[in-house]
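Asks: Structure for the following, please:
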Amino acid sequence: MPQPKADQHLVRIVVAALNPVDYRLAEFQFLHRTTFPKPASPGSDFAGYIVKPAQGSALKPGQFVFGAAGTNFMCGGALSEYGIANTRATTPMPTGLSTSDAASITVAGLTAYQAILPHSKPGSRVFLNGGSGGVGAIGIQIAKVKGRHVTVTCSTANVELCKSLGADEVIDYKTQDVLQTLKASPYKYDLVVDNVGNDQNLYWKAHEYTNPGAKFITVAISHHFSFIRFVTMANLLPKFFGGGKRQHLIVIGEPKGQELEQIADWMVEGKIKAVIDSKYKFEEVREAYKRLKTGRAKGKIIVNVAPEEECTA
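Replies: Numbers count the residues shown, from 1 in each chain. Presented below is the predicted three-dimensional model:
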């Protein structure tokens, strides 16, 4: 049984949701071995109930909550029967929200919220590269709730999904050249959020399809040398020496309870919805990660950590 510190909750985890960062951190061996506490288990997103609340917390034993498990944000532990969650990464689950929907929110929701809303305003034209994955699916909806015009990319199979989530325009990368389509648009974009990281030319050519002052935000981080080289050049190389002509930022969602509560409230109000690709039993977690690593999941992949009867708030 994990032992929480004074500012941490001990929680019974009933449902977890997977994120690419779960396995990418594990594959970054040097960082994983030197930075993260041991023993370690993967998974950040969870929904469950309080076993022992943190000192001074208003939360009560048995109360359902959701958030990010781990001693630090994204450090993992959601794929365990019991886990530790910091107070700033845990929030009460509102009435009317299922455990699966709640578990789907944290990493993807906070990443999308923090990548889009602080860097745009109502009426801004936002381009999301990758609209059908975990971050993209909730990102479309968050952007639309706050009055942004949204263009996304996806495969042919996911065009209708992205439209149903509110995307104003959809670029089918199977049948269209994404960069050429963006450049041919009659208007320029105010913000680019790259959820995929598969085409660095989207950044190097961003000045050809975005307004001056537009930002290019990457959320699809990788430990591969090509990505590290790209980030170094994008952020350090001066414009006059071949550097990018638009500001480049990396956004990794930070645990902010108020934002988690806002996203959950939007779900309860029906303004946004959880997009669930598939659900797995705890003993099927290997298959769940195989599905995640295909890159073809539509929305979030859910793992029922607890028996089915416990997975309902």
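Asks: Could you work out the end-to-end span of stretch 91-106 for me?
Replies: Start-to-end span of stretch 91-106 (C-alpha to C-alpha, to the nearest Å) is 10 Å.
Asks: What's the mean pLDDT across it?
Replies: For stretch 91-106, mean pLDDT rounds to 96.
Asks: Run the chain-centre distance for that stretch.
Replies: When distances are taken as C-alpha atoms, centre = their mean, to the nearest Å, stretch 91-106 is centred 15 Å away from the chain's centroid.
Asks: got the buried residues for that stretch?
Replies: Buried positions in stretch 91-106, judged by neighbour count with 16 or more other C-beta atoms under 10 Å: 91-94, 97-106. In this view, the C-beta of every residue, glycine as well, is placed from N, C-alpha and C.
Asks: Settle this for me: Thr71 is touching Ile84, isn't it.
Replies: Yes - with contacts counted by C-beta atoms under 8 Å, Thr71 reaches Ile84, the gap being 6.0 Å.
Asks: More neighbours: those two, which one.
Replies: Each of Thr71 and Ile84 has its neighbours counted (other C-beta atoms under 10 Å); Ile84 has more, 22 against 18.
Asks: From Val15, how far out is that one?
Replies: Distance, Ile84 to Val15, by C-beta to C-beta, to the nearest Å: 17 Å.
Asks: And Pro118, by the same measure?
Replies: For Pro118, the distance to Val15 (C-beta to C-beta) stands at 29 Å.
Asks: Give me the more crowded residue out of those two.
Replies: Each of Pro118 and Val15 has its neighbours counted (other C-beta under 10 Å); Val15 has more, 27 against 11.
Asks: pretty sure that one belongs to a helix, no?
Replies: No - going by DSSP: H, G, I helix; E, B strand; the rest coil, the assignment for Val15 is strand, not a helix.
Asks: Mind pulling up the pLDDT for the nearest residue to Asn158 once chain neighbours are set aside?
Replies: Of all residues not flanking Asn158 in the chain, Ser132 sits nearest, at 3.9 Å (C-beta to C-beta, 6 or more residues apart in numbering). pLDDT recorded at Ser132 is 96.
Asks: Stretch 154-164: how far from the chain's middle?
Replies: Stretch 154-164 has its C-alpha centroid displaced from the chain centroid by 19 Å (C-alpha atoms, centre = their mean).
Asks: what residues do Thr71 and Ile84 have in common as contacts?
Replies: Residues touching both Thr71 and Ile84 by C-beta atoms under 8 Å, 6 or more residues apart in numbering: 8, 77.
Asks: Quick check: the gap between the one residue sitting closest to the centre of the chain and Tyr280.
Replies: The residue lying closest to the centre of the chain (C-alpha atoms, centre = their mean) is Ala108, at 1.8 Å. Going from Ala108 to Tyr280 by C-beta to C-beta gives 17 Å.
Asks: same question, Lys205
Replies: 39 Å.
Asks: Check Pro255 and give its pLDDT.
Replies: So, for Pro255, pLDDT stands at 88.
Asks: Then Ile228?
Replies: 78.
Asks: Could you list every helix and strand that whatever helix or strand it lives in packs against?
Replies: In this assignment (DSSP states H and E), Ile228 forms part of helix 225-236. Identification of packing neighbours for helix 225-236 by 3 or more C-beta pairs under 8 Å, 6 or more residues apart in numbering; DSSP states H and E yields strand 247-250.
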